[in-house]
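In: Fold the following.
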Amino acid sequence: MAPKRRAASKKDTSKRLKTDPNEAENEAAARSNPNSSECLIAEKLFGTDVVSVIFSFLEVRQLLRFVCVSKEFKSLLTYDHVIRATMLSGGFPMTSLERMIPPIRNRKIWIPSPLRLLRTVCGKRCEECNAKT
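Out: Purely as a prediction, here's the structure:
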């Protein structure tokens with residue numbers, strides 16, 4: 001005959017659920033503070049160096065998808081990553097980047113942020129005239 005299982009009493013349940021009240025407050029504060037170490041999942045799991053190496057081997061479209069995952073990945077994106085991905089992809093992204101260089105040199109347009117540059121390189125329309133390229 002199998003032994004009977006003992007039903008959990010209220011006393012046992014209260015012991016298991018008992019937590020430190022300061023612990024819940026600390027967790028809530030860590031979630032609300034974007035600069036806290038609890039929020040930086042990418043750095044915690046992979047490390048900034050590993051994510052940077054991953055960025056440098058992705059093609060343009062893959063890099064755009066990867067960067068759109070979280071704010072942390074967006075903050076790690078640099079011009080070097082975008083230019084390297086463009087060089088790896090070649091084709092339209094390379095042509096698009098080459099078309100942007102003269103206006104930037106002539107100071108007709110501001111240097112876009114790395115994310116804006118990545119979106120421009122991935123785009124299928126001209127930013128000036130909105131025509132398909």
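In: export the lengthiest helix in the chain as PDB, just CAs?
Out: Longest helix in the chain, counting residues (DSSP state H): helix 91-105. Taking C-alpha atoms only, helix 91-105 is exported to PDB below (Å, rounded to 0.1, in the frame of the first residue of the first chain):
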ATOM      1  CA  GLY A  91      24.700  45.400 -54.100                       C
ATOM      2  CA  PHE A  92      22.000  47.900 -53.300                       C
ATOM      3  CA  PRO A  93      23.200  48.700 -49.700                       C
ATOM      4  CA  MET A  94      26.700  49.500 -51.000                       C
ATOM      5  CA  THR A  95      25.300  51.800 -53.800                       C
ATOM      6  CA  SER A  96      23.000  53.500 -51.300                       C
ATOM      7  CA  LEU A  97      26.000  54.200 -49.000                       C
ATOM      8  CA  GLU A  98      28.100  55.500 -51.900                       C
ATOM      9  CA  ARG A  99      25.300  57.900 -52.800                       C
ATOM     10  CA  MET A 100      25.200  59.300 -49.300                       C
ATOM     11  CA  ILE A 101      28.900  60.100 -49.100                       C
ATOM     12  CA  PRO A 102      29.100  63.200 -51.400                       C
ATOM     13  CA  PRO A 103      26.200  65.100 -49.700                       C
ATOM     14  CA  ILE A 104      27.800  64.400 -46.300                       C
ATOM     15  CA  ARG A 105      31.200  65.600 -47.500                       C
END
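In: Could you point out the helix or strand that follows it?
Out: Going down the chain from helix 91-105, the next helix or strand is helix 114-122, by DSSP states H and E.
In: what sits up against that following helix?
Out: 60-61, 63-64, 67, 74, 77-79, 81-82, 85-86, 93, 96-97, 100, 112, 127 (C-beta atoms under 8 Å, 6 or more residues apart in numbering). C-betas here are computed from N, CA, C, even on glycine.
In: And stretch 95-112, by the same measure?
Out: Against stretch 95-112 from outside (C-beta under 8 Å, 6+ apart): Ile83, Thr86, Leu117, Thr120, Val121, Gly123, Thr133.
In: Taking those, please make a ChimeraX selection of just the buried ones.
Out: A single ChimeraX command is used to select the members of these judged buried by 16 or more other C-beta atoms under 10 Å:
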select :86,117,120,121
